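Student: one predicted model, sequence on top.
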Amino acid sequence: MWLRSSVERSGCSEVAVAEEDTATERVVAPGAEDLERAAEAALRPRRLAEFVGQRVVREQLELVLHAALGRGGTPDHVLLSGPPGLGKTTLAMIIGAELGTSVRVTSGPAIQHAGDLAAVLSSLEEGEVLFIDEIHRLARPAEELLYVAMEDFRVDVVVGKGAGANAIGLALPPFTVVGATTRAGLLPAPLRDRFGFTGHLDFYDDGELEQVLSRSAGLLEVDLHADAGGEIASRSRGTPRIANRLLRRVRDWAQVRSDGTLDLAAARSALAVYEVDSLGLDRLDRSVLTALCTRFGGGPVGLTTLAVAVGEEPETVETVAEPFLVREGLIGRTPRGRVATARAWDHLGLVPPEVGGTLFG
Ligand SMILES: Nc1ncnc2c1ncn2[C@@H]1O[C@H](COP(=O)(O)OP(=O)(O)OP(=O)(O)O)[C@@H](O)[C@H]1O
(Lines give C-alpha, C1' and ligand atoms only; values in the text may rest on other atoms or scores of the structure.)
Protein backbone atom coordinates (compact mmCIF):
# COMPACT_ATOMS: atom_id res chain seq x y z
CA MET A 1 0.00 0.00 0.00
CA TRP A 2 1.30 3.44 -0.87
CA LEU A 3 0.86 5.84 2.00
CA ARG A 4 0.59 9.56 1.55
CA SER A 5 -0.97 12.53 3.23
CA SER A 6 -3.03 15.34 1.87
CA VAL A 7 -0.21 17.87 2.07
CA GLU A 8 2.30 15.86 0.11
CA ARG A 9 2.83 18.36 -2.69
CA SER A 10 2.87 21.52 -0.64
CA GLY A 11 5.46 20.53 1.88
CA CYS A 12 6.50 17.63 4.03
CA SER A 13 3.98 14.83 4.33
CA GLU A 14 4.00 12.57 7.33
CA VAL A 15 2.12 9.35 7.86
CA ALA A 16 2.22 6.54 10.35
CA VAL A 17 4.51 3.71 9.32
CA ALA A 18 4.88 0.20 10.63
CA GLU A 19 7.20 -0.35 13.56
CA GLU A 20 9.28 -3.36 14.44
CA ASP A 21 9.24 -2.66 18.12
CA THR A 22 7.54 -5.43 20.05
CA ALA A 23 6.88 -3.61 23.30
CA THR A 24 5.86 -0.09 22.41
CA GLU A 25 3.54 0.18 25.40
CA ARG A 26 6.61 0.67 27.59
CA VAL A 27 7.25 4.28 28.46
CA VAL A 28 10.93 3.68 27.64
CA ALA A 29 10.32 1.85 24.33
CA PRO A 30 12.48 3.34 21.54
CA GLY A 31 9.78 2.78 18.90
CA ALA A 32 6.63 4.88 18.58
CA GLU A 33 3.00 3.83 18.82
CA ASP A 34 0.81 5.03 15.96
CA LEU A 35 -1.22 7.22 18.30
CA GLU A 36 1.95 8.92 19.45
CA ARG A 37 2.92 10.03 15.95
CA ALA A 38 0.85 13.21 16.00
CA ALA A 39 2.35 14.31 19.33
CA GLU A 40 5.79 13.56 17.91
CA ALA A 41 5.23 15.43 14.68
CA ALA A 42 4.41 18.57 16.66
CA LEU A 43 7.85 18.44 18.28
CA ARG A 44 9.88 17.71 15.16
CA PRO A 45 12.58 20.20 14.28
CA ARG A 46 11.78 21.57 10.80
CA ARG A 47 15.20 22.78 9.69
CA LEU A 48 18.75 21.51 10.03
CA ALA A 49 19.70 24.41 12.30
CA GLU A 50 17.08 23.29 14.84
CA PHE A 51 18.21 19.67 14.81
CA VAL A 52 20.10 18.99 18.04
CA GLY A 53 23.27 16.85 18.19
CA GLN A 54 24.63 14.45 15.53
CA ARG A 55 27.13 17.16 14.67
CA VAL A 56 29.06 15.16 12.09
CA VAL A 57 26.05 13.87 10.16
CA ARG A 58 24.43 17.30 10.27
CA GLU A 59 27.48 19.06 8.89
CA GLN A 60 28.01 16.47 6.15
CA LEU A 61 24.37 16.59 5.16
CA GLU A 62 24.38 20.36 5.10
CA LEU A 63 27.23 20.26 2.58
CA VAL A 64 25.50 17.69 0.40
CA LEU A 65 22.23 19.64 0.34
CA HIS A 66 23.63 23.10 -0.09
CA ALA A 67 26.02 21.98 -2.83
CA ALA A 68 23.08 20.47 -4.72
CA LEU A 69 21.05 23.64 -4.22
CA GLY A 70 23.99 25.70 -5.49
CA ARG A 71 24.21 23.57 -8.62
CA GLY A 72 20.47 23.72 -9.10
CA GLY A 73 20.28 19.90 -9.17
CA THR A 74 19.15 17.09 -6.91
CA PRO A 75 21.48 15.74 -4.22
CA ASP A 76 22.76 12.18 -4.02
CA HIS A 77 20.47 9.60 -2.49
CA VAL A 78 20.77 9.56 1.31
CA LEU A 79 20.79 6.55 3.62
CA LEU A 80 20.19 7.17 7.33
CA SER A 81 20.91 4.35 9.73
CA GLY A 82 20.68 3.97 13.48
CA PRO A 83 18.45 2.74 16.30
CA PRO A 84 14.79 3.83 16.54
CA GLY A 85 13.88 7.25 17.89
CA LEU A 86 17.13 9.06 17.10
CA GLY A 87 15.79 11.30 14.33
CA LYS A 88 15.91 9.50 10.97
CA THR A 89 12.36 10.45 9.97
CA THR A 90 12.95 13.96 11.29
CA LEU A 91 16.04 14.31 9.13
CA ALA A 92 14.20 13.02 6.06
CA MET A 93 11.56 15.73 6.53
CA ILE A 94 14.29 18.31 7.10
CA ILE A 95 15.98 17.30 3.84
CA GLY A 96 12.74 18.09 2.01
CA ALA A 97 12.42 21.43 3.79
CA GLU A 98 16.04 22.42 3.13
CA LEU A 99 15.61 21.57 -0.56
CA GLY A 100 12.27 23.37 -0.65
CA THR A 101 10.52 20.32 -2.01
CA SER A 102 7.85 17.90 -0.86
CA VAL A 103 8.55 14.55 0.78
CA ARG A 104 6.65 11.43 -0.26
CA VAL A 105 6.59 8.85 2.51
CA THR A 106 6.40 5.09 2.38
CA SER A 107 8.06 2.15 4.07
CA GLY A 108 9.56 -1.21 3.16
CA PRO A 109 6.74 -3.27 4.68
CA ALA A 110 4.09 -1.07 2.99
CA ILE A 111 5.36 -1.98 -0.46
CA GLN A 112 4.11 -5.50 -1.10
CA HIS A 113 4.90 -5.77 -4.80
CA ALA A 114 7.36 -4.25 -7.26
CA GLY A 115 4.31 -2.80 -9.07
CA ASP A 116 3.43 -0.73 -5.96
CA LEU A 117 6.85 0.83 -6.06
CA ALA A 118 6.70 1.36 -9.83
CA ALA A 119 3.45 3.30 -9.32
CA VAL A 120 5.07 5.48 -6.67
CA LEU A 121 8.19 6.12 -8.72
CA SER A 122 6.32 6.97 -11.89
CA SER A 123 4.24 9.56 -10.05
CA LEU A 124 7.22 11.44 -8.60
CA GLU A 125 7.77 14.99 -9.70
CA GLU A 126 11.11 16.56 -10.45
CA GLY A 127 13.23 17.16 -7.37
CA GLU A 128 10.90 15.39 -4.93
CA VAL A 129 12.19 13.41 -1.98
CA LEU A 130 10.99 9.84 -1.62
CA PHE A 131 11.39 8.72 2.01
CA ILE A 132 11.44 4.94 2.45
CA ASP A 133 11.40 3.99 6.12
CA GLU A 134 12.58 0.51 7.12
CA ILE A 135 14.11 0.17 3.69
CA HIS A 136 15.78 -3.10 4.73
CA ARG A 137 12.30 -4.67 4.71
CA LEU A 138 11.62 -4.08 1.01
CA ALA A 139 10.82 -7.26 -0.92
CA ARG A 140 13.58 -8.36 -3.29
CA PRO A 141 11.77 -7.53 -6.60
CA ALA A 142 10.97 -4.02 -5.31
CA GLU A 143 14.55 -3.62 -4.19
CA GLU A 144 15.84 -4.48 -7.67
CA LEU A 145 13.42 -2.07 -9.29
CA LEU A 146 14.52 0.63 -6.84
CA TYR A 147 18.18 0.46 -7.58
CA VAL A 148 17.67 0.72 -11.30
CA ALA A 149 15.45 3.76 -10.67
CA MET A 150 18.02 5.29 -8.33
CA GLU A 151 20.87 4.82 -10.77
CA ASP A 152 19.31 5.43 -14.17
CA PHE A 153 16.12 7.34 -13.25
CA ARG A 154 14.18 4.79 -15.20
CA VAL A 155 11.53 2.23 -14.33
CA ASP A 156 10.57 -0.77 -16.40
CA VAL A 157 6.82 -1.18 -16.64
CA VAL A 158 5.52 -4.54 -17.85
CA VAL A 159 2.66 -4.19 -20.30
CA GLY A 160 0.49 -7.19 -21.22
CA LYS A 161 0.53 -10.73 -19.93
CA GLY A 162 2.13 -14.07 -20.70
CA ALA A 163 4.06 -14.51 -23.95
CA GLY A 164 2.91 -11.11 -25.23
CA ALA A 165 4.20 -9.23 -22.15
CA ASN A 166 6.55 -6.38 -22.91
CA ALA A 167 8.78 -4.30 -20.64
CA ILE A 168 8.67 -0.62 -21.47
CA GLY A 169 11.32 1.64 -19.96
CA LEU A 170 9.81 4.80 -18.51
CA ALA A 171 12.11 7.75 -17.87
CA LEU A 172 11.76 9.36 -14.44
CA PRO A 173 12.54 12.95 -13.49
CA PRO A 174 15.50 13.37 -11.11
CA PHE A 175 14.52 12.75 -7.47
CA THR A 176 16.21 11.87 -4.20
CA VAL A 177 15.63 8.72 -2.21
CA VAL A 178 16.10 9.02 1.54
CA GLY A 179 16.21 5.55 3.05
CA ALA A 180 16.05 4.89 6.78
CA THR A 181 17.07 1.68 8.44
CA THR A 182 17.73 0.33 11.90
CA ARG A 183 19.66 -2.53 10.28
CA ALA A 184 22.08 -1.19 7.69
CA GLY A 185 23.85 -4.55 7.64
CA LEU A 186 20.74 -6.17 6.15
CA LEU A 187 20.77 -3.98 3.04
CA PRO A 188 22.14 -5.80 0.02
CA ALA A 189 25.35 -4.26 -1.31
CA PRO A 190 23.89 -3.21 -4.72
CA LEU A 191 21.21 -1.15 -2.96
CA ARG A 192 23.59 0.24 -0.35
CA ASP A 193 25.99 1.30 -3.11
CA ARG A 194 23.33 3.47 -4.79
CA PHE A 195 23.35 5.85 -1.83
CA GLY A 196 25.88 8.62 -2.36
CA PHE A 197 25.66 9.70 1.26
CA THR A 198 25.24 7.53 4.35
CA GLY A 199 24.77 9.02 7.80
CA HIS A 200 24.82 6.91 10.94
CA LEU A 201 22.96 8.33 13.93
CA ASP A 202 24.32 7.60 17.41
CA PHE A 203 22.75 7.83 20.84
CA TYR A 204 22.65 11.36 22.28
CA ASP A 205 24.49 12.48 25.39
CA ASP A 206 22.62 13.97 28.34
CA GLY A 207 23.54 17.55 27.40
CA GLU A 208 22.05 17.12 23.92
CA LEU A 209 18.91 15.54 25.32
CA GLU A 210 18.55 18.49 27.68
CA GLN A 211 18.58 20.76 24.63
CA VAL A 212 15.94 18.59 22.94
CA LEU A 213 13.81 18.77 26.09
CA SER A 214 14.16 22.48 26.52
CA ARG A 215 13.10 23.05 22.90
CA SER A 216 10.15 20.67 23.31
CA ALA A 217 9.10 22.32 26.58
CA GLY A 218 9.01 25.65 24.74
CA LEU A 219 6.76 24.19 22.04
CA LEU A 220 4.51 22.58 24.65
CA GLU A 221 4.46 25.88 26.55
CA VAL A 222 5.50 24.33 29.85
CA ASP A 223 7.97 25.70 32.35
CA LEU A 224 10.71 23.06 32.53
CA HIS A 225 13.33 23.78 35.19
CA ALA A 226 16.92 23.07 34.17
CA ASP A 227 17.48 20.44 36.87
CA ALA A 228 14.25 18.68 35.91
CA GLY A 229 15.42 18.66 32.27
CA GLY A 230 18.70 17.11 33.43
CA GLU A 231 16.83 14.46 35.42
CA ILE A 232 14.60 13.49 32.48
CA ALA A 233 17.56 13.49 30.08
CA SER A 234 19.57 11.13 32.27
CA ARG A 235 16.73 8.59 32.24
CA SER A 236 16.01 8.78 28.50
CA ARG A 237 18.43 6.11 27.25
CA GLY A 238 20.17 8.49 24.86
CA THR A 239 17.01 8.71 22.74
CA PRO A 240 15.09 11.93 21.91
CA ARG A 241 11.83 10.03 21.37
CA ILE A 242 11.99 8.66 24.94
CA ALA A 243 13.02 12.08 26.31
CA ASN A 244 10.00 13.75 24.68
CA ARG A 245 7.69 10.98 25.89
CA LEU A 246 8.95 11.24 29.48
CA LEU A 247 8.55 15.02 29.28
CA ARG A 248 4.89 14.57 28.33
CA ARG A 249 4.39 12.16 31.26
CA VAL A 250 6.03 14.60 33.69
CA ARG A 251 3.85 17.38 32.30
CA ASP A 252 0.74 15.24 32.96
CA TRP A 253 1.87 14.58 36.52
CA ALA A 254 2.58 18.25 37.21
CA GLN A 255 -0.79 19.26 35.77
CA VAL A 256 -2.79 16.73 37.81
CA ARG A 257 -0.82 16.47 41.04
CA SER A 258 0.73 19.91 41.39
CA ASP A 259 0.60 23.44 39.98
CA GLY A 260 1.95 22.56 36.52
CA THR A 261 5.55 23.50 37.28
CA LEU A 262 8.06 20.99 35.95
CA ASP A 263 10.67 21.13 38.69
CA LEU A 264 13.03 18.45 39.95
CA ALA A 265 10.56 17.13 42.53
CA ALA A 266 7.83 16.84 39.88
CA ALA A 267 10.19 15.02 37.48
CA ARG A 268 11.26 12.55 40.17
CA SER A 269 7.71 11.92 41.40
CA ALA A 270 6.35 11.42 37.88
CA LEU A 271 9.14 9.09 36.84
CA ALA A 272 8.62 7.07 40.03
CA VAL A 273 4.95 6.64 39.07
CA TYR A 274 6.04 5.37 35.64
CA GLU A 275 8.67 3.15 37.28
CA VAL A 276 11.57 4.61 35.32
CA ASP A 277 14.64 4.54 37.55
CA SER A 278 17.75 6.70 37.66
CA LEU A 279 19.40 4.85 34.75
CA GLY A 280 16.23 4.74 32.66
CA LEU A 281 15.44 1.10 33.49
CA ASP A 282 11.79 0.15 33.74
CA ARG A 283 10.09 -2.68 35.60
CA LEU A 284 10.95 -5.34 33.01
CA ASP A 285 14.62 -4.36 32.91
CA ARG A 286 14.87 -4.37 36.67
CA SER A 287 13.09 -7.68 37.09
CA VAL A 288 15.55 -9.32 34.65
CA LEU A 289 18.49 -7.80 36.47
CA THR A 290 17.13 -8.64 39.92
CA ALA A 291 16.40 -12.26 38.95
CA LEU A 292 19.89 -12.61 37.51
CA CYS A 293 21.46 -11.34 40.73
CA THR A 294 19.20 -12.75 43.43
CA ARG A 295 18.07 -16.07 41.95
CA PHE A 296 21.12 -17.05 39.98
CA GLY A 297 23.89 -15.43 42.03
CA GLY A 298 24.77 -13.15 39.10
CA GLY A 299 24.95 -16.00 36.56
CA PRO A 300 26.00 -17.33 34.21
CA VAL A 301 22.46 -18.41 33.41
CA GLY A 302 20.86 -19.36 30.09
CA LEU A 303 18.42 -17.01 28.40
CA THR A 304 15.48 -19.44 28.60
CA THR A 305 15.94 -20.05 32.34
CA LEU A 306 16.22 -16.33 32.98
CA ALA A 307 13.07 -15.67 30.94
CA VAL A 308 11.10 -18.32 32.86
CA ALA A 309 12.23 -16.72 36.13
CA VAL A 310 10.72 -13.38 35.13
CA GLY A 311 7.63 -14.86 33.46
CA GLU A 312 8.47 -13.57 29.96
CA GLU A 313 9.21 -15.13 26.59
CA PRO A 314 12.94 -15.57 25.90
CA GLU A 315 12.50 -13.40 22.81
CA THR A 316 11.09 -10.55 24.91
CA VAL A 317 14.01 -10.69 27.32
CA GLU A 318 16.49 -10.90 24.47
CA THR A 319 15.09 -8.22 22.18
CA VAL A 320 13.31 -5.83 24.56
CA ALA A 321 15.23 -5.79 27.86
CA GLU A 322 18.67 -7.09 27.10
CA PRO A 323 20.03 -4.66 24.46
CA PHE A 324 19.88 -1.69 26.82
CA LEU A 325 21.14 -3.70 29.82
CA VAL A 326 24.13 -4.82 27.74
CA ARG A 327 24.69 -1.31 26.36
CA GLU A 328 24.70 0.09 29.89
CA GLY A 329 27.24 -2.51 31.01
CA LEU A 330 24.82 -4.12 33.46
CA ILE A 331 24.71 -7.54 31.82
CA GLY A 332 27.36 -9.46 29.95
CA ARG A 333 26.73 -12.24 27.44
CA THR A 334 29.12 -15.17 27.71
CA PRO A 335 29.14 -18.55 25.98
CA ARG A 336 27.81 -20.04 29.25
CA GLY A 337 24.97 -17.56 29.61
CA ARG A 338 24.12 -14.10 30.95
CA VAL A 339 26.15 -12.61 33.81
CA ALA A 340 25.55 -9.57 36.00
CA THR A 341 28.38 -7.03 36.08
CA ALA A 342 29.66 -5.18 39.16
CA ARG A 343 27.63 -2.18 37.96
CA ALA A 344 24.42 -4.25 38.07
CA TRP A 345 24.96 -5.22 41.71
CA ASP A 346 25.82 -1.66 42.53
CA HIS A 347 22.74 -0.28 40.75
CA LEU A 348 20.43 -2.66 42.61
CA GLY A 349 22.15 -1.85 45.92
CA LEU A 350 23.10 -5.51 46.39
CA VAL A 351 26.36 -7.10 47.42
CA PRO A 352 27.75 -9.66 44.95
CA PRO A 353 28.75 -13.07 46.31
CA GLU A 354 32.47 -13.27 47.00
CA VAL A 355 34.44 -14.57 44.04
CA GLY A 356 36.49 -17.61 45.04
CA GLY A 357 34.63 -17.98 48.40
CA THR A 358 34.36 -21.49 49.83
CA LEU A 359 31.35 -23.62 49.16
CA PHE A 360 30.14 -23.36 52.76
CA GLY A 361 30.40 -19.62 53.22
N1 LIG B 1 18.07 15.76 16.92
C2 LIG B 1 16.85 15.97 17.36
N3 LIG B 1 16.48 17.18 17.84
C4 LIG B 1 15.25 17.38 18.33
N5 LIG B 1 14.27 16.43 18.35
C6 LIG B 1 14.58 15.22 17.87
C7 LIG B 1 15.86 14.94 17.34
N8 LIG B 1 15.88 13.66 16.92
C9 LIG B 1 14.66 13.16 17.16
N10 LIG B 1 13.88 14.09 17.73
C11 LIG B 1 12.49 13.89 18.16
O12 LIG B 1 12.33 12.52 18.53
C13 LIG B 1 11.14 11.97 17.98
C14 LIG B 1 11.48 10.73 17.19
O15 LIG B 1 12.25 11.08 16.07
P16 LIG B 1 12.13 10.31 14.67
O17 LIG B 1 10.72 9.88 14.44
O18 LIG B 1 12.76 11.18 13.65
O19 LIG B 1 13.03 9.04 14.95
P20 LIG B 1 13.39 7.84 13.96
O21 LIG B 1 14.87 7.62 14.07
O22 LIG B 1 12.85 8.08 12.61
O23 LIG B 1 12.63 6.63 14.63
P24 LIG B 1 12.04 5.30 13.92
O25 LIG B 1 13.26 4.52 13.46
O26 LIG B 1 11.33 4.62 15.06
O27 LIG B 1 11.13 5.73 12.82
C28 LIG B 1 10.50 13.09 17.16
O29 LIG B 1 9.45 13.65 17.90
C30 LIG B 1 11.56 14.13 16.99
O31 LIG B 1 11.01 15.41 17.13
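Tutor: Right, received. Where do you want to start? Numbers count the residues shown, from 1 in each chain.
Student: ok, now which ones touch the residue in the chain positioned nearest to the ligand?
Tutor: Residue nearest to the ligand within the chain (CB to the nearest ligand atom): G87, separated by 2.8 Å. For every residue, glycine as well, the C-beta is placed using N, CA and C. Residues near G87 by CB atoms under 8 Å, 6 or more residues apart in numbering: 51, 54, 201, 240.
Student: so how far is N244 from the closest residue to the first one other than its chain neighbours?
Tutor: Of all residues not flanking F51 in the chain, P45 sits nearest, at 4.7 Å (CB to CB, 6 or more residues apart in numbering). Counting by CB to CB, to the nearest Å, the gap between P45 and N244 amounts to 11 Å.
Student: ok, A163 - contacts?
Tutor: Here A163 is in contact with no residue (CB under 8 Å, 6+ apart).
Student: and the residue nearest in space to the middle of the chain, which of the three is it?
Tutor: The chain has P84 as the residue nearest its centroid, 1.5 Å off, counting by CA atoms, centre = their mean. Using DSSP: H, G, I helix; E, B strand; the rest coil, the secondary structure recorded for P84 is coil.
Student: T198 too?
Tutor: Per three-state DSSP, T198 ends up strand.
Student: show me what it is bridged to.
Tutor: L79 (DSSP bridges).
Student: distance check, it against E231.
Tutor: Distance of T198 to E231, computed by CB to CB: 35 Å.
Student: and if you look at P30?
Tutor: To E231, P30 is 20 Å away according to CB to CB.
Student: the two: which has the busier surroundings?
Tutor: Neighbours were counted for P30 and for E231 using other CB atoms under 10 Å; E231 has more, 26 against 23.
Student: can you get me a residue count around the nearest residue to the more buried one once chain neighbours are set aside?
Tutor: Nearest residue to E231 in three dimensions, chain neighbours excluded: A267, at 4.4 Å (CB to CB, 6+ apart). Residues within reach of A267, counting by other CB under 10 Å, total 26.
Student: element containing A267, please.
Tutor: helix 264-273 (DSSP states H and E).
Student: show me what secondary structure element comes after that helix.
Tutor: Later in the chain than helix 264-273, the nearest helix or strand by DSSP H and E is helix 283-294.
Student: looking at the contacts of G87, which are in helices?
Tutor: The members of the contacts of G87 that map onto helices under DSSP state H are P240.
Student: filter the contacts of G87 by proximity to the ligand?
Tutor: 51, 240 (CB under 6 Å from any ligand atom).
Student: kindly reformat the contacts of G87 as JSON lines containing neighbour count.
Tutor: Below are the contacts of G87 laid out as JSON lines (neighbours: other CB atoms under 10 Å):
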{"residue": "F51", "neighbour count": "21"}
{"residue": "Q54", "neighbour count": "21"}
{"residue": "L201", "neighbour count": "19"}
{"residue": "P240", "neighbour count": "29"}
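Student: closest to R336 out of the contacts of G87?
Tutor: L201 (34.2 Å; CB to CB).
Student: for the closest residue to that closest one other than its chain neighbours, grab the count of nearby residues.
Tutor: Sequence neighbours aside, G82 is the residue nearest to L201 in space, at 3.3 Å (criterion: CB to CB, 6+ apart). Here the count is done by other CB under 10 Å, and G82 has 20 residues near it.
Student: and for D156?
Tutor: D156 has 16 neighbours, counted by other CB under 10 Å.
Student: before we move on, what about E208?
Tutor: Neighbours of E208 (other CB under 10 Å): 18.
Student: for it, give its distance to V52.
Tutor: As judged by CB to CB, E208 and V52 stand 5 Å apart.
Student: still on that earlier bit, the more surrounded of P45 and N244?
Tutor: Just comparing P45 and N244: by other CB under 10 Å the higher neighbour count belongs to N244, 27 against 20.
Student: residues contacting that one?
Tutor: 39-40, 43, 212-213, 216.
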